[in-house]
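Trainee: can't give you the sequence, but here's the structure:
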């Protein structure tokens, strides 16, 4: 885990190349570089509150940083510290007391547990498709508790009780693999369950040869950014192999950083236009020739459907019917 803080920022500006806020606003004060240089210059955290709140926590800047600064963890820590100094939160924050009491599940003993996030409850057809595709000769169980409230509180820098964390992870302890749709949960789950294999839905699906065969050179495949950037060194190789095998295009730039839309952010849940998601999606598809867009993050469906004139599907729809 990267532990370097803002004091190590050299001001090179490479992080700007992948920052959606820089792309949207052109304002240095809203970037990770701007926050670091302000703090190095003696600014208080309250002085950069608007910038701390504006970050979409896509994680793109962290693997781009040549200094190896732990930017994602630092951004959330700054929100936690800022929240201790104020009583009025941004309108898109979850309520500090908004954690739901969950019914404790019995331990799940299947080899794969799917933590479905937004798929669960909101899109049962997509959830069923993923379970079927992941199954094969292995048993797959969807977790009743998707941890979405935990992800939201972590993103906002609000406290999560240990009891709530224990309720979430206890049913997961007997699985071999956790397939986690919410990329923001990948890092904490690796900390809470260090002996588990934790992967994203896209990686799990693409590990199947018949799913990869459903992709071709005329597809634009949109990688879910938060999970990808949290395990960048391994996943950059995984997706490069996938790209070479299938010939499909991806939302990776020349640095192999996944260009985000920001659609999974708390800000975007209040409004994808205000969060700049549509602008980011237009940037991703600009100048490309494709006949289909395939997204790993179900939140990206609505974004690309708004800006693209080709079909947009979720990766779980790459079923045998598409072959």
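Mentor: Thanks, I have it. Treat the numbers as computed from the prediction; the structure is a model and nothing was measured.

Trainee: Strands of the stretch 151-300 of the chain, residue ranges please.
Mentor: 177-180, 197-199, 219-222, 249-250, 292-295 (DSSP state E, counting those that start in this stretch).

Trainee: I figured residue 32 hits residue 55, correct?
Mentor: Yes. With contact defined as C-beta atoms under 8 Å, residue 32 counts as touching residue 55 (7.5 Å). The C-beta positions use only the backbone N, C-alpha and C, and glycine is treated the same way.

Trainee: From residue 223, how far off is residue 149?
Mentor: Computed with C-beta to C-beta, to the nearest Å, the distance linking residue 149 and residue 223 is 25 Å.

Trainee: got the buried residues for stretch 34-51?
Mentor: Buried residues in stretch 34-51, defined by neighbour count with 16 or more other C-beta atoms under 10 Å: 34, 35, 36, 37, 38, 39, 45, 48, 49, 51.

Trainee: With distance to residue 301, pLDDT and secondary structure as new columns, can these be given to me in TSV?
Mentor: Formatted as TSV, those follow (distance: C-beta to C-beta, whole Å; pLDDT from 0 to 100; DSSP: H, G, I helix; E, B strand; the rest coil):
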residue	distance to residue 301	pLDDT	secondary structure
34	32	90	helix
35	31	91	helix
36	34	91	helix
37	37	91	helix
38	37	91	helix
39	37	91	helix
45	36	92	helix
48	33	93	helix
49	32	92	helix
51	29	92	helix
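
Trainee: Among residue 149 and residue 223, which residue is more densely surrounded?
Mentor: Neighbour totals were compared for residue 149 and residue 223, and residue 223 leads with 27 against 17 (other C-beta atoms under 10 Å).

Trainee: Residue 24: which of the strands of the stretch 151-300 of the chain is closest?
Mentor: With respect to residue 24, and counting by C-beta to C-beta, the nearest of the strands of the stretch 151-300 of the chain is strand 219-222 at 18.4 Å.

Trainee: could you say what helices and strands that closest one packs with?
Mentor: helix 232-246, strand 249-250, helix 277-285, strand 292-295 (3 or more C-beta pairs under 8 Å, 6 or more residues apart in numbering; DSSP states H and E).
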